[in-house]
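K.L.:
got a predicted structure here, sequence first:
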Amino acid sequence: MKTIVVLFIISMISTQLYAQLANSYPNDVGIENDPNVLYVEKFEDGITNILSRYDDIKNSTGMFLDTDVPSGSLGQNSIKMTSKTGGENNGGHLFRSFTPGFEGTVYLRYYVKYPSTSEGYFHHESLWFGGYNPATNWGNPRAGTCGLGNSRLSISYEPVWQKTSPIGMDTYLYWGDMRSWDGGNSCYGNVMIAEGRTEWKGAPADDNPTVDFDQWMCVEVMIKLNNPVTAYNGELRIWQNGVETGYWGPGFPNGHWGNDKWYNNPGDPPFEGFRWRTDSKLNINWIWLEFYHDNPDAPSSYLKFDHVVMAKEYIGPIYDATNDTNVR
């Protein structure tokens, strides 16, 4: 057990301090050429070219290029998805599939900006990624359906805790062994971060991640697929603005399941690890930039994305060579 703990600590330190792909590409310039990079989207070559790269598009007339970009970016544009008040439309999305998909360990880093006009009206507003078996060219989340370990895997990190102040970020996960909120009749996205760290009482603990309204947030999610498919050796790891917000794998951390929520608790048994899939044909084969802002009482709002990078190793926030305060 001591060996496992030591290796875990070493892994955390080495990932945070040394293995940051973005450090090799200041301002993200040329990062798309790295052999460990799987996909890059910087929204720089015009809306027509951008849309041509995606298989399923919703509300393209409500998407625009915006000159607001994250700190450290040398780009000219981000993409802005908009919604209209009164239910005229409920936002938009961009969905892209990958053939044959990606095995092993995949990191997804992106920048997102949540406006204060969305506060109190969030539904699903994030960059989702995962796999379908068989692969599809459109999103097919099958919300509420349990037991899809051979055909569906969906990962997101988004504003989940809307009744806290400030609003809390958390996972929203679908996979074959996901937990049910009602005894197995239906399954919705599982959360892993916030529960058990505090008695909420309307406010998150100091170490719980929250929404930084009207600021660019750097999000990075790592998934390690289980292999073989019978094993519970899959992992999940998340960073917000370069700070780790959670890491789960076989034997860590300690906690317990309460319906569809994981409660982090040092006094509980260790996490069993993820059996993300039960069929080797299910891998990481899509991304979904989603702005689902469907409350008819919500004001017109928007969501911005930029500097999307998928890779085989930790990417980290944009490294600005002119700024000595970079996280690296």
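P.N.:
All right, it came through fine. Note that the coordinates shown come from a computational prediction; the quantities given were computed from them, not determined experimentally.

K.L.:
only C-alpha atoms for contact and neighbour calcs from this point on.
P.N.:
Will do.

K.L.:
my guess is Trp262 meets Gly255, correct?
P.N.:
Yes: between Trp262 and Gly255 there is a contact at 6.9 Å, judged by CA atoms under 8 Å.

K.L.:
low-confidence ranges in the stretch 151-300 of the chain?
P.N.:
196-206 (pLDDT under 70).

K.L.:
rerun at 90
P.N.:
Along the stretch 151-300 of the chain, segments meeting pLDDT under 90 span 162-166, 194-208, 265-266, 295-298.

K.L.:
mind listing the strands for it?
P.N.:
152-155, 157-161, 168-171, 216-224, 235-240, 243-248, 255-258, 261-264, 284-292 (DSSP state E, counting those that start in this stretch).

K.L.:
can I get those in a markdown table including mean neighbour count?
P.N.:
Conversion of the strands of the stretch 151-300 of the chain to a markdown table gives the following (neighbours: other CA atoms under 10 Å):
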| stretch | mean neighbour count |
| --- | --- |
| strand 152-155 | 23 |
| strand 157-161 | 21 |
| strand 168-171 | 22 |
| strand 216-224 | 23 |
| strand 235-240 | 20 |
| strand 243-248 | 18 |
| strand 255-258 | 16 |
| strand 261-264 | 21 |
| strand 284-292 | 23 |
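
K.L.:
can you put these in a markdown table and add distance to Asp68?
P.N.:
A markdown table is the format used below for those (distance: least, CA to CA, whole Å):
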| stretch | distance to Asp68 |
| --- | --- |
| strand 152-155 | 27 |
| strand 157-161 | 21 |
| strand 168-171 | 23 |
| strand 216-224 | 9 |
| strand 235-240 | 20 |
| strand 243-248 | 23 |
| strand 255-258 | 41 |
| strand 261-264 | 36 |
| strand 284-292 | 18 |
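
K.L.:
in the longest strand that the chain contains, what counts as buried?
P.N.:
Criterion DSSP state E: the longest strand present in the chain is strand 91-102. The neighbour-count criterion (16 or more other CA atoms under 10 Å) identifies 91-98, 101-102 as the buried residues of strand 91-102.

K.L.:
same check, this time on stretch 303-321
P.N.:
For stretch 303-321, by 16+ other CA under 10 Å, it's 303-320.

K.L.:
number of residues surrounding Asn89?
P.N.:
19 (other CA atoms under 10 Å).

K.L.:
all numbers from here: first residue = 166
P.N.:
With 166 as the first residue, the last one maps to Asn254.

K.L.:
who's in contact with it?
P.N.:
224, 248, 459 (CA atoms under 8 Å, 6 or more residues apart in numbering).

K.L.:
still on that earlier bit, figure out which of the strands of the stretch 316-465 of the chain is closest to Arg218.
P.N.:
strand 449-457 (11.7 Å; CA to CA).

K.L.:
just flag the most distant two among the buried residues of strand 256-267.
P.N.:
Most distant of the buried residues of strand 256-267, by CA to CA, are Gly256 and Phe267, 28.8 Å apart.

K.L.:
number of residues surrounding the residue lying closest to Glu197 once chain neighbours are set aside?
P.N.:
Nearest non-adjacent residue to Glu197, counting by CA to CA, 6 or more residues apart in numbering: Val205, 5.8 Å away. Val205: 19 surrounding residues under other CA under 10 Å.

K.L.:
A strand includes Val205, no?
P.N.:
Yes: counting by DSSP: H, G, I helix; E, B strand; the rest coil, Val205 is part of a strand.

K.L.:
can I assume it is in contact with Met475?
P.N.:
Yes: using CA under 8 Å as the test, Val205 is close enough to Met475 to be in contact (6.5 Å).

K.L.:
Leu401 and Val386 touch, don't they?
P.N.:
Yes: if you go by CA under 8 Å, Leu401 and Val386 touch, sitting 7.3 Å apart.

K.L.:
who does the residue nearest to Trp422 when sequence neighbours are not counted bridge with?
P.N.:
Closest residue in space to Trp422, ignoring its immediate chain neighbours: Tyr428 at 6.0 Å, by CA to CA, 6+ apart. For Tyr428, the beta-bridge partners under DSSP bridges are His421.

K.L.:
just list whatever residues bridge to Gly309.
P.N.:
Cys352.

K.L.:
oh, that last question was meant for Met228, not what I typed.
P.N.:
Beta bridges link Met228 to Met246, judged by DSSP bridges.

K.L.:
contact partners for it?
P.N.:
Per CA under 8 Å, 6+ apart, neighbours of Met228: 244-247, 257.

K.L.:
of those residues - the most surrounded one?
P.N.:
Neighbour max across these (other CA under 10 Å) = Met246, 27 neighbours.

K.L.:
you'd agree that residue is up against Tyr467?
P.N.:
Yes: between Met246 and Tyr467 there is a contact at 5.3 Å, judged by CA under 8 Å.

K.L.:
report the set of residues contacting both of the two.
P.N.:
By CA under 8 Å, 6+ apart, the residues touching both Met246 and Tyr467 are 256, 456.

K.L.:
and stretch 287-300, what's buried?
P.N.:
So stretch 287-300, judged by 16+ other CA under 10 Å, has buried residues 287-298, 300.
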